[in-house]
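**Q** Sequence first, predicted coordinates after that:
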Amino acid sequence: MSVNRAQLVEKVQKELGGDTSKAGADRALTAVIDSIKVSVKKSKSVQLIGFGTFKVVNRKARTGVNPKTGEKIKIAASKSVKFSPGKDFKKGL
């Protein structure tokens with residue numbers, strides 16, 4: 001079962017306490033996500049002790065296959081973000 005944004009906002013609201021509104025919890029969640037995005041773009045890595053590390057990885061150019069036609073296509077090199085869970089996070093799984 002996956003958790004969507006609205007459910008995550010509800011969990012943040014509950015964790016912050018009864019006097020926090022859903023709008024306030026949503027702003028808090030948005031602020032954290034935006035801060036991670038900006039930090040990864042600037043420094044190429046964000047480490048949250050106990051949670052994990054977000055880092056930019058370079059993906060090499062490669063050959064792929066179009067599943068509809070079976071035709072071989074070239075996939076350009078690109079950058080992506082990789083998440084590596086921390087030790088404490090892994091323990092809870």
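**A** Right, received. Where do you want to start? Model, not experiment: these values are computed from the prediction.
**Q** Beyond the longest helix along the chain, next helix or strand please.
**A** Counting residues, the longest helix found in the chain (DSSP state H) is helix 22-43. Proceeding N to C from helix 22-43, the next assigned helix or strand is strand 45-48, under DSSP states H and E.
**Q** tell me the angle of the helix or strand following that following strand relative to helix 22-43?
**A** Sequence order places strand 52-59 as the next helix or strand after strand 45-48, per DSSP H and E. Counting by axes from the mean of the first three to the mean of the last three C-alpha atoms, to 10 degrees, strand 52-59 lies at 50 degrees to helix 22-43.
**Q** Output the contacting helices and strands for strand 52-59.
**A** helix 22-43, strand 45-48, strand 78-85 (3 or more C-beta pairs under 8 Å, 6 or more residues apart in numbering; DSSP states H and E). In this view, the C-beta of every residue, glycine as well, is placed from N, C-alpha and C.
**Q** Dump those to CSV, plus distance to Lys55 and mean pLDDT.
**A** Converted to CSV, the helices and strands packed on strand 52-59 look like this (distance: least, C-beta to C-beta, whole Å; pLDDT from 0 to 100):
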stretch, distance to Lys55, mean pLDDT
helix 22-43, 7, 93
strand 45-48, 4, 93
strand 78-85, 6, 94
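**Q** Tell me which of those sits nearest to Glu71.
**A** Closest to Glu71 of the helices and strands packed on strand 52-59 is strand 78-85 (C-beta to C-beta; 20.3 Å).
**Q** what does the helix or strand that that closest one is followed by rub up against?
**A** For strand 78-85, the following helix or strand on the C-terminal side (DSSP H and E) is helix 87-91. Helix 87-91 is contacted from outside by 50-52, using C-beta atoms under 8 Å, 6 or more residues apart in numbering.
**Q** Specify the residue ranges that define each domain of the protein.
**A** Listed domain ranges for the chain are 1-43, 44-93 (source: automatic domain parsing).
**Q** Please tell me how far the first one is from the chain's geometric centre.
**A** From the chain centre to the centre of domain 1-43 is a distance of 12 Å (C-alpha atoms, centre = their mean, to the nearest Å).
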